[in-house]
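Colleague: Fold the following and give me the result.
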Amino acid sequence: MTAPDLICIGAIAGAFGVTGEVRLKSFCSEPADIASYGPLYSEDGSKTYHITLTRPVAGGLGARIAGIATKEAADALRGTSLFVSRDRLPSLPDDEYYHADLIGLSAYDTGGALLGKVTAVYNHGAGDIIEISSPRHKSALLLPFTTEIVPNVDLAGGRLIVNLPEETE
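Modeller: Here you go, the predicted model:
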């Protein structure tokens, strides 16, 4: 399994309790779906994690990971990102995208001028934000990923169109 075939769907936030249970942060639209994808992998695909959800906990989900039986072992996994094979993910409707698919796309303004490349996608709870690294600007552009600001995404063509707000031009 290679890294491009893997999509991050969660992370281990640390130990929960003293018997090896962990607190999971799920990046799935339905958080509990993280357990339905089968084994999860480390970023490079070298480690496999078999998880079983136990209960909702503050800031995420409680889970057991096969082979983890102590608080110390669970704490050692803190910060571990959890990945699933791309082919295990469901297809999305035409107007929805996986963050991993947007990263690396070339961004053009509505006049056809190259702005830069999408370098990251963030979501802090109020909607997705795309980061575009641009030689035209001193710092990266952070723009809401809405149909008003990004009216066209062409995954096959490797590009998206950005309708820049006036103050960023």
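
Colleague: Flag the shaky bits of the protein, pLDDT-wise.
Modeller: 1-4, 167-169 (pLDDT under 70).

Colleague: That one - how does it break down into domains?
Modeller: 3-88, 99-163 (automatic domain parsing).

Colleague: Would you mind finding the most buried of the ones you listed?
Modeller: Among the domains of the chain, domain 3-88 has the highest mean neighbour count (mean count of other CB atoms under 10 Å), at a mean of 16. All C-beta spots, glycine's among them, are computed from the backbone N, C-alpha and C.

Colleague: Run the chain-centre distance for that domain.
Modeller: Offset of domain 3-88 from its chain centre (CA atoms, centre = their mean, to the nearest Å): 14 Å.

Colleague: and the closest residue to V153 other than its chain neighbours, bridged to which residues?
Modeller: Take V153 and drop its neighbours on the chain: the residue closest to it by CB to CB, 6 or more residues apart in numbering is L160, 4.6 Å away. For L160, the beta-bridge partners under DSSP bridges are A107, V153.

Colleague: Now do the contacts for L160.
Modeller: L160 makes contacts with L102, L105, S106, A107, Y108, V118, V150, N152, V153, D154, as judged by CB atoms under 8 Å, 6 or more residues apart in numbering.
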